[in-house]
Each structure stands twice: as structure tokens, then as C-alpha cells.
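> what's the 3D shape of this:
(2 chains)
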Amino acid sequence: MDRFWIGMFLLVGTALITLILVWLAIWQERTFNKKGDQ
Amino acid sequence: MAIETKHEIFPKDPKKSFGLVELVKGTSPITDKEPESTVFTWPHLVFVELIAMLAVSVILVVLSLYFEAPLEEMASPDTTPNPMKAPWYFLGLQEMLVFFDPWLAGVVLPTFIIVGLILTPYIDINPKGSGQYNYSDRKFAVWNFAFGCALWYIMIIVGVYLRGLDWQWYWPWDNWEAHKPPSGVSLIDYSVILMNPPFSVSRVAAQGIAYATVIGYFVVGMTIPFVFFRKFYNSLGFVRYNITIMLFLLMMSVPAKIILRLVFNIKYLLVTPFFKI
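Numbers count the residues shown, from 1 in each chain, chains lettered A, B, ... in the order given. Predicted coordinates for the structure are as follows:
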């Protein structure tokens, strides 16, 4: 059972870090882009 | 009407040795931009970067004066630490050795990571969002890179915080002083599972199915985006598409392999005399 939870830890952890990084990219786009830069 | 207007704005003058050749509708990178909104890299950016570099250097020098480097005593074959951990930035690679053939984890996968990163500017030809923070026009690139980074860092986190004595997995609430018994789980090769009931196929057939599974993963993985996301294929072209999807599939095979081993107790999917996957 422990092995199952290790697998889940890796999956959920990877997903969590991915979401944080993508959120960071979205936040940067909204925050730092000046109007007219697009 | 339009032509008449042009003639009014730019009347032909026989006395001039030059003239406006033609007015063309179109877009250019600097359309709708005020000339004042752009500045030169030198000195405006490079100067700030130079200052930042000097500041970081000073901070590092001051920090290094106040904090001792965590060096231990001279290495001795009589006292080998358990577990022996690499520097934190290599612990991701060390952690991968748990799940992969050493040749794959230590040589092939790192090579693909480096080659993939070098190739990125050549295969990502999406011109949108260059020179600015951009997510909405480069969703695949951002998700792809974020996932790759996450994979790299979760391995490092596991290696640094969750591996204890004998490289066993220790949760934070476990007793880190006591040796853990081996898991008692026997890992089985995919082909051995196929050779035993309920499948009971011959050795040759099992090896064939193992090859077909690995090759099939890549064939199906290369075909699905081609069929369902034809726009994506067209935007990249044949060569770039194949390199991109190949690298993507290799990246996705890492967590897939780890889950196969942890949850399904499959040691290797394919065993050849040269490598084991």
C-alpha cells in the first residue's frame, strides 16, 4: 500500500508544481504586459 | 475613390527626383506602436544588468564570508555514510536510478533533456509573444515546459526530503533512525507476466508483445496529435513535429514508467541485451 501512496505522491506533486508554474506564467502575462505590447 | 484620395495626399511632382512608390496595407512588428515606447538595449538594459550582476556578486561574497560551506571530514572507506546523497541538484538523477536502468537514468535521459533544451528555439517557431510575458498564445509550450520542470523538481524533493537509510522511502512522520525492512514486493518483468497465467504465451510471443507495446506507445503517441490537432502539425511541419512529439513522448514515458513500477510492480517493460526499459 505504501508503494501506491508513493506513486500518488509523485503524481499529485508533479501536477501541483505544474499548476503553480502555469499560474505563474498567467499571472506574469496579466501583471507585466503593458497595453499595446501585444 | 481611394486612388483619387491617394493622388490628393501625394501629388506627383515632376520637379522632384523622388516620390512615394506605393501604399500597401499590411502589418509589421512595429505597427500601432509609438516610437517612444521602445528603447535601445544598450545602454538602457545592459547597464541595469551590469548593476544587478555587481550587486549579486557583492551579496554572494558577503554571504560566503558569514556562512561555512557544509564540508565534512576527509572521505574514508571505513565510514561510508548511509544514505550517500549527491548534491541537491543531482538528486533528481540519483532518484531516477531507483526506477530506471542506470544507462537510461544516468546517460540517455539527461542527454535527451539537454538536447531537447538546445533544440527548443529551433522547433518552437511560434512568433507570438516574443519579447513579452505571454501565456495565451503559447499554451502548449508553457504547459509542456512547466510539466518538465515539475517532473525534475519533484524528483529532487523526493531525493532531498523523503529518502533515508538504505535509500528507502521515509515519510516525515516515520522514524528516520531505524532501518526499514525491504518492501517484500517482487518486481516482475512485463514479458514474464505475459508468459504466466492467465496469458501463458510463449517466450518469443511475450518478447514480441513487449516490443510492440513500446513501439506502439510511440506510434500511437505520434499519430493522435496528427489526427486530432492537424493545425498543430501544420504549424510545425513534418520534421519539427516529429522531433517535438518524440521529445514530448519521452518526457511522458518517465512518469509512466515510474507508475508502472510503483503501482503495478512491473520491473521492466522491455528487456533487450542492450538496455532495459
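> for chain B, what are the nearby residues on chain A?
Residues of chain A lying close to chain B (Cβ under 8 Å from any Cβ of the partner chain) are A:2-4, A:6-7, A:9-11, A:13-18, A:21-22, A:25-26, A:28-29, A:31-34, A:36-38. Every residue, glycine included, has its C-beta placed from N, CA and C.
> so which residue of the stretch 151-277 of chain B comes closest to chain A?
B:L262 (3.8 Å; Cβ to the nearest Cβ).
> Let me know the helix or strand that that residue is in.
helix B:238-264 (DSSP states H and E).
> what mean pLDDT would you report for that helix?
For helix B:238-264, mean pLDDT rounds to 92.
> Mind listing what's buried along it?
Burial within helix B:238-264, assessed by neighbour count using 16 or more other Cβ atoms under 10 Å in any protein chain shown, is assigned to B:240-241, B:243-245, B:247-251, B:253-255, B:257-262.
> Helices of the chain, start to end?
The chain I'm using is chain A. Applying DSSP state H to chain A gives helices spanning A:2-32.
> I was thinking of chain B, sorry if that wasn't clear
Using DSSP H, helices in chain B cover B:2-9, B:41-66, B:91-96, B:102-103, B:109-123, B:139-161, B:190-195, B:203-228, B:230-236, B:238-264.
> Which other helices and strands does the fifth one contact?
On a contact count with 3 or more Cβ pairs under 8 Å, 6 or more residues apart in numbering or on different chains; DSSP states H and E, helix B:109-123 meets helix B:238-264.
> what angle do the helix it packs on and helix B:203-228 make?
130 degrees (axes from the mean of the first three to the mean of the last three Cα atoms, to 10 degrees).
> Quick one: distance of helix B:238-264 to the chain centre.
11 Å (Cα atoms, centre = their mean, to the nearest Å).
> same for that helix, what does it pack against?
Helix B:238-264 packs on helix A:2-32, helix B:109-123, helix B:139-161, helix B:203-228, helix B:230-236, going by 3+ Cβ pairs under 8 Å, 6+ apart.
> Single out the most deeply packed of those helices.
Highest mean neighbour count of the helices and strands packed on helix B:238-264: helix B:139-161, a mean of 18 (counted as mean count of other Cβ atoms under 10 Å in any protein chain shown).
> got the angle for that helix vs helix B:109-123?
160 degrees.
> Please save the CA atoms from helix B:139-161 in CSV.
Provided in CSV are the C-alpha atoms of helix B:139-161 (Å, rounded to 0.1, in the frame of the first residue of the first chain):
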residue,chain,number,x,y,z
LYS,B,139,-0.3,27.4,-24.1
PHE,B,140,1.3,24.1,-25.2
ALA,B,141,4.8,25.5,-24.8
VAL,B,142,4.1,26.8,-21.3
TRP,B,143,2.3,23.6,-20.1
ASN,B,144,5.0,21.4,-21.6
PHE,B,145,7.9,23.2,-20.0
ALA,B,146,6.1,23.6,-16.7
PHE,B,147,5.4,19.8,-16.6
GLY,B,148,9.1,19.1,-17.4
CYS,B,149,10.3,21.4,-14.6
ALA,B,150,7.8,19.9,-12.2
LEU,B,151,9.0,16.4,-13.0
TRP,B,152,12.6,17.4,-12.5
TYR,B,153,11.9,19.2,-9.1
ILE,B,154,9.6,16.5,-7.7
MET,B,155,12.4,14.0,-8.1
ILE,B,156,14.8,16.4,-6.3
ILE,B,157,12.2,17.0,-3.5
VAL,B,158,11.9,13.2,-3.0
GLY,B,159,15.7,12.7,-3.1
VAL,B,160,16.3,15.5,-0.6
TYR,B,161,13.4,15.1,1.9
